[in-house]
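Novice: no sequence for this one, just the structure:
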DNA sequence: ACGACACTGTAGCATATGCTACAGCAGCCG
DNA sequence: CGGCTGCTGTAGCATATGCTACAGTGTCGT
């Protein structure tokens, strides 16, 4: 049992380092040998500690989602932003350099999820939920709106703008110019 | 030049068949040997006609984007939908079985584009533009709104909802319940 | 001291992938 | 007929990937 603790500590360490890797290189970039090399070990070690790549990815994505939660929490200032300003606020936040790796990874996960990959579907669903809760906590909703519904729409809009930012920046800019019109 | 015509006809044929493949299996699924097998030929032939996989992908994506244009054109009924109904309209359209492969492929392209892949960035930008033009043609915009800006926002919203549909369906449903609120 | 056990390195396997080399076959033009 | 050209199959190469086999090293408890 003492050994188990050390082992899982090491696993956490590795998973965190690999989370860095995945966040700034992408899901496809994570193959055992190169990733291990970057950490100064060998693929052999990664398999030793995680058994299989799937298990490894599980831990890595766990780290990523924890980090996202931390990041979201760190942006929460205690004040509840009025609804009409929130879309612009989140949208700007997602374009931030710190948030960008998360967004890119999010898109990769969404694409796999859309193709029916259950593993990423589950992970993506959890992340979406984290966003929703964060939005609900951060926004002051007027009476009469169902917070969860409004938050969901905000998330959709913000995701859509981020998607366009990554594909057709000029279109994204055009969309942003209408942000204040759609308070959600 | 006679031979060139036959050759490019064959290329088109192959590219169309491969477009089917990519649309319902995904970008990752297109590797030479399996794809060729599905067409009853060998990887050797694909390389013969296209020279390189990148060149092949170029043609395949060309077919896909042509098909999307055709599809969009086919849904255009000549009437201009009022702005407030359009988001719900497109959103429903994108959830359609015929549109789904396009949407899934679109997400894959967006993810690669976000990661800085220039090839897919260009392709994705063209597709976004096709959507925008289609929306502008299909919607009646009231005076005072800049059509392109409003269309861009609509596209963002609809993309966002589609993204949530593929990752967190319940969140997507919540967002949909607010669609009429955000006329864009 | 010694054996058990956690750890780690070296090789290797099986498979996949993009691409190339070479050779055969068929048809067309002279 | 003979050669040239367009097409196609068979093999193979080089690299990558997830994973396994085997053996060695070090530490720790008895």
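Specialist: Noted; the coordinates are in hand. Just so you know, these numbers come straight off a predicted model, no measurement behind them.
Novice: quick one: the strands in chain A?
Specialist: A:81-82, A:139-140 (DSSP state E).
Novice: Name the residues that touch the last one?
Specialist: When contacts are defined by C-beta atoms under 8 Å, 6 or more residues apart in numbering or on different chains, strand A:139-140 is touched by residues A:80-83, A:86, A:147, A:150-151, A:154. Placement of C-beta: from N, CA and C, glycine included.
Novice: Just checking: what are the partner strands of it?
Specialist: strand A:81-82 (parallel) (DSSP bridges).
Novice: which residues sit against the strand it pairs with?
Specialist: Outside strand A:81-82, the residues touching it (C-beta under 8 Å, 6+ apart) are A:89, A:138-140.
Novice: Count the neighbours of residue A:95 for me.
Specialist: When neighbours are counted by other C-beta atoms under 10 Å in any protein chain shown, residue A:95 registers 16.
Novice: Torsion angles phi and psi at it?
Specialist: phi -90, psi -10 (degrees, to the nearest 10).
Novice: List the contacts of it.
Specialist: Residue A:95 neighbours (C-beta under 8 Å, 6+ apart): A:162, A:165.
Novice: rerun at 10 Å
Specialist: If you count contacts by C-beta atoms under 10 Å, 6 or more residues apart in numbering or on different chains, residue A:95 has them with A:103, A:158, A:161-162, A:165, A:172, A:176.
Novice: so which of the residues you listed is the most crowded?
Specialist: Ranked by neighbours (other C-beta under 10 Å), the contacts of residue A:95 are led by residue A:161, which has 30 neighbours.
Novice: so what's the residue nearest the centre of chain A closest to, chain neighbours aside?
Specialist: Central residue of chain A (C-alpha atoms, centre = their mean): residue A:102, 4.3 Å from the mean position. Spatial nearest neighbour of residue A:102, chain neighbours left out: residue A:68 (5.6 Å); criterion: C-beta to C-beta, 6 or more residues apart in numbering or on different chains.
Novice: In space, what's closest to residue A:145 - neighbours in sequence excluded?
Specialist: Residue A:145 sits nearest to residue A:83 (C-beta to C-beta, 6+ apart), 7.6 Å away.
Novice: Can you list the low-confidence ranges for chain A?
Specialist: A:1-3, A:183-184 (pLDDT under 70).
Novice: residue ranges of the helices in it, please?
Specialist: Using DSSP state H, the helices of chain A run over residues A:2-25, A:32-38, A:43-50, A:53-74, A:83-94, A:100-114, A:118-138, A:147-167, A:169-176.
Novice: looking at those, which is buried most?
Specialist: Greatest average neighbour count among these goes to helix A:147-167 (a mean of 26), per mean count of other C-beta atoms under 10 Å in any protein chain shown.
Novice: how distant is that one from the center of its chain?
Specialist: 14 Å (C-alpha atoms, centre = their mean, to the nearest Å).
Novice: does any bit of that helix sit next to chain B?
Specialist: Yes: using C-beta under 10 Å from any C-beta of the partner chain, helix A:147-167 reaches chain B at A:147-167.
Novice: before we move on, the earlier item: tell me the contacts of the residue nearest to residue A:102?
Specialist: A:23, A:99, A:101-102, A:105-106, A:126-127, A:130-131, A:134.
Novice: Check residue A:92 too.
Specialist: Here residue A:92 is in contact with A:99, A:158, A:161, A:176, A:179 (C-beta under 10 Å, 6+ apart).
Novice: Test my guess that the first one contacts residue A:162.
Specialist: Yes: with contact defined as C-beta atoms under 10 Å, residue A:99 counts as touching residue A:162 (9.0 Å).
Novice: what is in contact with the two at once?
Specialist: With C-beta under 10 Å, 6+ apart, residue A:99 and residue A:162 have common neighbours A:90, A:106.
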